[in-house]
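J.: 3D, please:
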Amino acid sequence: MKLDYPGDLEILVLNDSSTDATGEIIQEYARFYRRVQHVRVPEGYPKGKARVLNHGLSVASGELIAVYDADNQPEPNALRLLADACFGTEGAVGAVGYVKTINEQKNWLTRMIAIEFSVFQLLMQSGRWTSMRLGSLTGTNMLVTKEALKRVGGWDVYALAEDADLTLKLTAIGGLLPVVPESRTWEQEPEKFSVWFRQRTRWMQGNLYLIAKIFRVKNWRRGRVLGHSIQQLSVYIMFVFFLLVSDVWFVLGEFGLVHTTFSVPLLLLWFESLLFYIVQLLSAETIDGLISVRNIGMAVLMYFTYAQLWVILLMWAWWKQLRMRHSKAMPVWDKTRIEPHIVKTDGMAFKKEMIDLQFR
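T.: Okay, the predicted model is just below:
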């Protein structure tokens with residue numbers, strides 16, 4: 001409701017069988033604001049975000065479709081900047097912003113997630129758009145034209161990484177997705193390892209599904225789509241491969257188990273891999289304003305902890321994906337559970353806040 005958007009704005013809150021007080025809260029907002037609509041999504045299969053978004057697309061009346069996840073707090077100018085980029089870029093079918101971590105200071109895990117987002121969503125996204133005119137949808141703080149969405153058939157209901165899948169489909173029809181790092185939303189990230197692991201397993205499964213799809217669809221291996229395809233392979237397969245190579249180098253070099261023809265010790269090659277990883281993280285921290293003594297230490301620690309977890313993630317997600325294909329089961333969308341932050345207030349105070357917002 002605080003978005004600074006000059007055009008008509010229709011807010012569809014898609015309620016996918018929530019079991020808490022979400023429906024009641026939406027209804028209260030809908031009573032005060034005409035632009036807010038409580039949309040109860042019908043039961044259906046396969047369950048997941050893609051099916052819910054397709055239902056939202058079917059009832060939306062606007063020419064532009066923007067998506068914000070339930071745990072997001074977009075900055076007031078976020079949506080306007082995305083719309084400006086979409087209309088101001090020739091050949092654009094949408095635009096994508098940047099996702100920041102609102103609970104970054106909570107613990108070591110949220111700090112690492114914040115740094116990870118700086119690397120992948122800020123540094124890499126901006127770099128690829130500047131150098132190759134490639135942008136990837138992030139699932140939230142993103143905008144796509146309704147015409148383009150309908151042309152590609154909306155979201156793939158079987159894709160657990162529905163944003164990456166839609167990116168490839170839009171790119172395949174020649175659409176551009178400009179990256180707007182100034183458009184920022186603040187998102188609450190997992191604060192517990194178990195929640196993070198389930199979320200990232202879903203992401204990894206979704207991208208394994210997408211990688212398999214890339215090899216099946218011929219027009220997904222040409223032009224700009226090839227650039228996206230290489231990125232998917234680089235982030236989710238090659239990164240883990242080189243991480244394993246680095247680990248093996250360390251073990252072999254430490255114990256002197258293998259004699260090679262290299263003119264430098266294996267340990268020096270391992271150190272170069274470590275150095276490259278740390279420099280990448282520190283560069284992202286500097287650009288994003290996250291640089292501090294603690295985060296410099298965190299970047300070093302991430303190589304030995306956070307990064308190594310991706311090896312386990314890939315193996316676990318691959319096993320789950322193979323088991324699902326063998327049993328021909330539908331994909332399971334594991335919703336990310338976040339810690340509730342309850343603000344105690346009475347009904348009159350809530351209504352006063354609604355009225356104040358309305359008049360502002």
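
J.: what ranges do the helices span in the protein?
T.: Assigned by DSSP state H, the chain shows helices spanning 22-32, 49-59, 78-88, 108-117, 125-132, 146-151, 162-172, 193-216, 223-233, 239-255, 266-288, 293-304, 309-327, 347-359.

J.: Against F215, how distant is the most centrally placed residue in the chain?
T.: Nearest residue to the geometric centre of the chain (Cα atoms, centre = their mean): T138, 3.9 Å. As defined by Cβ to Cβ, to the nearest Å, T138 lies at a distance of 24 Å from F215. (Glycine included, C-beta is placed from N, CA and C.)

J.: hang on, the earlier thing: now the residue nearest to the centre of the chain: phi and psi?
T.: Phi and psi for T138, reported as degrees, to the nearest 10, are phi -110, psi 0.

J.: wait, doesn't it sit right on V99?
T.: Yes - with contacts counted by Cβ atoms under 8 Å, T138 reaches V99, the gap being 5.8 Å.

J.: Need the residues touching each of these two.
T.: Counting by Cβ atoms under 8 Å, 6 or more residues apart in numbering, the residues touching both T138 and V99 are Q121.

J.: Please identify the buried residues of stretch 195-212?
T.: By neighbour count on 16 or more other Cβ atoms under 10 Å, the buried set for stretch 195-212 is 195-196, 199-211.

J.: what is the rounded mean pLDDT of it?
T.: Across stretch 195-212, pLDDT averages out at 85.

J.: From the chain's centre, how far out is that stretch? Work that out for me.
T.: Averaging C-alpha positions (Cα atoms, centre = their mean, to the nearest Å) puts stretch 195-212 11 Å from its chain's average.

J.: cool, and stretch 132-144?
T.: So, by Cα atoms, centre = their mean, the centroid of stretch 132-144 is 9 Å from its chain's centroid.

J.: And stretch 101-117, by the same measure?
T.: Here stretch 101-117 is found 14 Å from its chain centre; the criterion is Cα atoms, centre = their mean.

J.: Residues touching that stretch, excluding its own?
T.: 73, 99-100, 186-193, 196, 281, 284-285, 290, 294-295, 298-299, 301-302, 305-306.

J.: Any regions of this protein where pLDDT drops low?
T.: 216-224, 228, 232, 256-267, 269-270, 328-360 (pLDDT under 70).

J.: again, only using 80
T.: 207, 210-273, 324-360 (pLDDT under 80).

J.: one step back: could you give me the PyMOL selection string for whichever of the contacts of stretch 101-117 are buried?
T.: To isolate the buried subset of those in PyMOL, counting by 16+ other Cβ under 10 Å, use the following:
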select buried, resi 99+100+186+187+188+189+190+196+281+284+285+290+295+298+299+302+306
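
J.: just so I know, which of the helices of the chain lies nearest D16?
T.: With respect to D16, and counting by Cβ to Cβ, the nearest of the helices of the chain is helix 49-59 at 4.8 Å.

J.: What lies in contact with that closest one?
T.: Contacts of helix 49-59 with the rest of the structure, by Cβ under 8 Å, 6+ apart, involve 12, 14, 16, 39, 41-42, 44-45, 65, 67, 139, 146, 149-150, 154-159, 162, 333.
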